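Participant: Make a model of this:
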Amino acid sequence: MIRTRLPIAILLGLAVFGAGLGLAQSPPDSPRYVGSKVCADCHGPIFEAWSKSHHALAWQTPDEASVIGDFNDASITHKGVPSRFFRRGDKFVVETDGPDGKLKDYEVHSVAGIEPLQQYLLEVEPGRLQALDLSWDAKAKRWYHLYPEQDLKGGDGLHWTGPYKNWNARCAECHATGYEKKYEPRTRSYASTQAEIGVGCEACHGPGEAHLAWAKQPEEKATKSQSRLSDKGFTLAFTPKDAETEIQQCAGCHSRRGPFDEKSPLPGTPFHDSYRLALLRDGLYHADGSIQDEVYVYGSFLQSKMYDKGVRCSDCHSPHEADLKATGNAVCTQCHSPAGNERFPTLKKASYDDPAHHFHEPDSAGAQCKSCHMIERVYMGIDGRRDHSFRVPRPDLSDETGAPNACTDCHEDKDAAWAAAELKRRFPDSKHQGPHFSQVFAAARRAPATQTDKLVEVALDSRLPDIVRATALDLLRGSGPETATRVEWLLRHPSPLIRAAAVDLQTALPMPKRLSRLEQALSDSTKLVRIAAARALLGAPRSGVKRSLAPALQAASSEWQKSLVANADFPESHMAIGGTALALRNPRAALQAFGEAVRQDPQLVDAWIMMARIHQLALRDRDGAKDVLNKGLSKNPDNQFLQSMLKQL
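Facilitator: Presented below is the predicted three-dimensional model:
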């Protein structure tokens, strides 16, 4: 067992069946990373195309070529805090407010991105990189703040020096190749490494050592010890008939998700063995599944008919240039045209790039396919991102659900009723009318108990995308044992998203029945489901567990614990650890966990509340509760709930 004074140690001691734990390691026979430059010897044109791409430029060391911001003694003041950008010899330096609120000089450690903006990474302590909120607008040639309305001081979790702006934990994996975070909970420090900064060839194709050996002797297959490699020595193989492998490889970075491990998964690892995908939750997605917060692409694409029919990322995007394969509507008319595409025989052959379909002036903004079918939202101040659910506009639902629609996105002087009437007039026989899951989701977000039956209907509707059905199950949490039984058969559904969500509902059952029902889930083929089962069976008494089930329960519990250890630098992980300790009636361990959560993020009010309640109710320590609340209010002076709790003591 790892020995440390932090709550992580407490977690490791809370296992249903204690087992020695260590962070997951790559299989011993994994090939080594060799670097993208090696690939240029045989793949020159592809290497040249990649080297100019946003993937290659995702993370760079600072020099005259890579730094595009103005460091000629430029300055900007945000909410009263002046910041200055200047040179010191060959170094690029930023003077700005540090974690203690005082102005300090920081050398630029590295740069992220190239356009539409470039961010600068500053090393606030050895090994710990933070992404500065002051960024360079590549088009307007100006410094600007990513979140202009925020007035954050050092010590706030969302300040640029806080945990949510930490590069090592939150960003680096998707800007690097072969990344390992290497966070040390004992010292709360990082010793992160990567095979290559930037998204190199091996980030998608896998480590190249075995491939180089194959290239020298192509008649040789992978060695017996590396039998899981492709014939050409890679950890995955992209094939024309397998869209899912490509999609999941891209999804590892192009998604809103939580990692299970502290290092990049080997390319070819199934997505749901590496990450927990964010479902269509309020604050992330609108009720109809359209993008709201910065959720990237995968969760949207899973909702689309294009995904359902086998369209893959590289049908529209050139993987090496990391750009669209054509301009304007030509991307879409590869398939959506009178000629169609033989790969998609069910696609209606018709003229779509035509005023008869889009009823706008040719070549105008309204005539662009993306304007109607890929709503754009702007993040990081200037970065426009397109919704990849490719939905048909439903302005008839906007007033009821609060979800936006493409029509009034552009026609800001009109309302949803006008847009709905226009579509009804122009497309009277459209199939895109009538009931929609967003009506159920919108109502359930307000009052979930009133929508139980309808949510079950959505969850059981095989015509809907898996992520929609999983979200319906997510909204049903807490609805009771009868609902858990109604959706029981979904525990055996082909989709890991649905299986995992169905597992979560089984916590409404008494433990003996829960154990029986989740026996198969503990040995599921997908880590996402196994971890969900381990969480659902937290606190199962040893005496109630069949001897034959014990190894699977131990293994799944170990995987769950490792995922929390791997994310010990996330306040969210310590909230989960605290909840685990409470479930096992260990209030002092819970106090440690919630205490670490507020150390990382002092604005995490729920953690302050939980600590106060533990002191007051579990430990009968009224003074301790007062002390916690006073400390919480010192960090959150305007929080009315904390004020109210203190008055009631």
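
Participant: next structured bit after the longest helix along the chain?
Facilitator: Counting by DSSP state H, the longest helix found in the chain is helix 550-566. Using DSSP states H and E, the helix or strand that follows helix 550-566 in sequence is helix 571-583.

Participant: Keeping just the C-alphas, turn that next one into CSV.
Facilitator: Coordinates of the C-alpha atoms in helix 571-583 are reproduced here as CSV (Å, rounded to 0.1, in the frame of the first residue of the first chain):
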residue,chain,number,x,y,z
PRO,A,571,-10.4,18.4,-6.9
GLU,A,572,-13.2,16.3,-8.4
SER,A,573,-11.3,13.1,-7.5
HIS,A,574,-11.1,14.1,-3.9
MET,A,575,-14.8,14.8,-3.8
ALA,A,576,-15.3,11.2,-5.0
ILE,A,577,-12.9,9.9,-2.4
GLY,A,578,-14.7,11.8,0.3
GLY,A,579,-18.0,10.4,-0.9
THR,A,580,-16.4,6.9,-0.8
ALA,A,581,-15.3,7.4,2.8
LEU,A,582,-18.7,8.5,3.9
ALA,A,583,-20.3,5.6,2.3
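
Participant: Check the offset of the very next helix or strand once past it from the chain's centre.
Facilitator: As assigned by DSSP H and E, the chain's next helix or strand after helix 571-583 is helix 587-600. Relative to the centre of its chain, helix 587-600 is centred 25 Å away, using Cα atoms, centre = their mean, to the nearest Å.

Participant: Same question for stretch 579-590.
Facilitator: For stretch 579-590, the distance to the chain centre is 28 Å (Cα atoms, centre = their mean).

Participant: Same question for stretch 158-167.
Facilitator: 16 Å.

Participant: May I see the buried residues of it?
Facilitator: Residues of stretch 158-167 classed as buried: 159-167 (neighbour count, 16 or more other Cβ atoms under 10 Å). C-beta coordinates here come from the backbone N, C-alpha and C atoms, glycine included.

Participant: And for stretch 120-137?
Facilitator: 120-124, 128-137.

Participant: from the residues you listed, which ones fall inside strands?
Facilitator: Among these, the members falling in strands are 120-124, 128-131, 134-137 (criterion: DSSP state E).

Participant: Most widely separated two among these?
Facilitator: 128 and 137 (26.5 Å; Cβ to Cβ).

Participant: Quick check: most distant residue from the centroid of the protein.
Facilitator: residue 219 (40.9 Å; Cα atoms, centre = their mean).

Participant: and the helix or strand containing residue 473, how far from the chain's centre?
Facilitator: Secondary structure from DSSP H and E places residue 473 in helix 466-475. On the basis of Cα atoms, centre = their mean, helix 466-475 sits 17 Å off its chain's mean C-alpha point.

Participant: what's that helix packed up against?
Facilitator: When contacts are defined as 3 or more Cβ pairs under 8 Å, 6 or more residues apart in numbering; DSSP states H and E, helix 466-475 sits against helix 437-446, helix 452-460, helix 496-505.

Participant: closest to residue 228 out of these?
Facilitator: Here helix 496-505 is closest among the helices and strands packed on helix 466-475 (Cβ to Cβ), at 20.5 Å.

Participant: between the closest one and helix 466-475, how big is the angle?
Facilitator: Calculated by axes from the mean of the first three to the mean of the last three Cα atoms, to 10 degrees, helix 496-505 forms an angle of 10 degrees with helix 466-475.

Participant: Quick check: buried residues in helix 496-505?
Facilitator: For helix 496-505, by 16+ other Cβ under 10 Å, it's 496-505.

Participant: for stretch 413-426, same thing?
Facilitator: Going by 16+ other Cβ under 10 Å, stretch 413-426 has these buried residues: 416, 419-420, 423.

Participant: Please identify the helix or strand for residue 105.
Facilitator: Assigned by DSSP H and E, residue 105 belongs to strand 103-112.

Participant: hang on, isn't residue 365 packed against residue 376?
Facilitator: No: applying Cβ atoms under 8 Å, one finds residue 365 not in contact with residue 376, separated by 10.8 Å.

Participant: Of those two, which one has the most company?
Facilitator: Comparing residue 365 with residue 376 by other Cβ atoms under 10 Å, the one with more neighbours is residue 376, at 13 against 10.

Participant: these two touch, right, that one and residue 370?
Facilitator: Yes: the pair residue 376 / residue 370 is scored as a contact, 7.5 Å apart, by Cβ under 8 Å.

Participant: Surely residue 133 touches residue 146?
Facilitator: Yes: here residue 133 lies in contact with residue 146, judged by Cβ under 8 Å, at a distance of 4.8 Å.

Participant: Turn the buried residues of stretch 413-426 into JSON lines, including distance to residue 449.
Facilitator: Shown next, in JSON lines, are those (distance: Cβ to Cβ, whole Å):
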{"residue": "416", "distance to residue 449": "28"}
{"residue": "419", "distance to residue 449": "33"}
{"residue": "420", "distance to residue 449": "30"}
{"residue": "423", "distance to residue 449": "34"}
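
Participant: Those residues: which two are farthest apart?
Facilitator: Among those, the pair separated by the greatest distance (Cβ to Cβ) is 416 and 423, at 10.5 Å.

Participant: Name the residues contacting each of those two.
Facilitator: Applying Cβ atoms under 8 Å, 6 or more residues apart in numbering, one finds that residue 416 and residue 423 are jointly contacted by 395-396, 407.

Participant: remind me which residues of the stretch 401-550 of the chain are low pLDDT?
Facilitator: Of all residues in the stretch 401-550 of the chain, none has pLDDT under 70.

Participant: Let me see the domain layout of the chain.
Facilitator: Domain ranges of the chain: 57-197, 278-426, 571-648, per automatic domain parsing.

Participant: does residue 629 sit in a helix or strand, and which one?
Facilitator: helix 622-635.

Participant: what does that helix rub up against?
Facilitator: 155, 598, 602-603, 605, 608-609, 611-613, 615-616, 639, 642-643, 645-646, 649.

Participant: Can I have the buried ones of these as a PyMOL selection?
Facilitator: Applying 16+ other Cβ under 10 Å to those, the buried members can be selected in PyMOL as follows:
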select buried, resi 598+602+603+605+608+609+611+612+613+615+616+639+642+645+646
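
Participant: Helices - which of the contacts of helix 622-635 land there?
Facilitator: Going by DSSP H, the helices hold 598, 605, 608-609, 611-613, 642-643, 645-646 from these.

Participant: In CSV: those, plus distance to residue 311.
Facilitator: Output for these, formatted as CSV (distance: Cβ to Cβ, whole Å):
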residue, distance to residue 311
598, 45
605, 43
608, 47
609, 46
611, 49
612, 51
613, 50
642, 50
643, 53
645, 52
646, 56
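
Participant: Between the residues you listed, which sits nearest residue 85?
Facilitator: Minimum distance to residue 85 across the ones in helices among the contacts of helix 622-635 is 33.2 Å, recorded for residue 598 (Cβ to Cβ).

Participant: Tell me where the model's unsure across the stretch 101-250 of the chain.
Facilitator: Residue ranges of the stretch 101-250 of the chain with pLDDT under 70: 220-227.

Participant: quick one: the helices in it?
Facilitator: Per DSSP state H, counting those that start in this stretch, the stretch 101-250 of the chain carries helices over the ranges 167-170, 201-205, 209-216, 243-251.

Participant: among these, which is nearest residue 180?
Facilitator: helix 167-170 (10.1 Å).

Participant: For the closest one, buried residues please.
Facilitator: Buried, per 16+ other Cβ under 10 Å, within helix 167-170: 167-169.

Participant: nearest to residue 178, of the helices of the stretch 101-250 of the chain?
Facilitator: helix 201-205 (6.6 Å).

Participant: contacting residues around that closest one?
Facilitator: Contacts for helix 201-205 (Cβ under 8 Å, 6+ apart): 33-36, 39, 43, 47, 50, 55, 176-178, 195-196, 208, 211, 234, 236, 249, 264, 267, 319.
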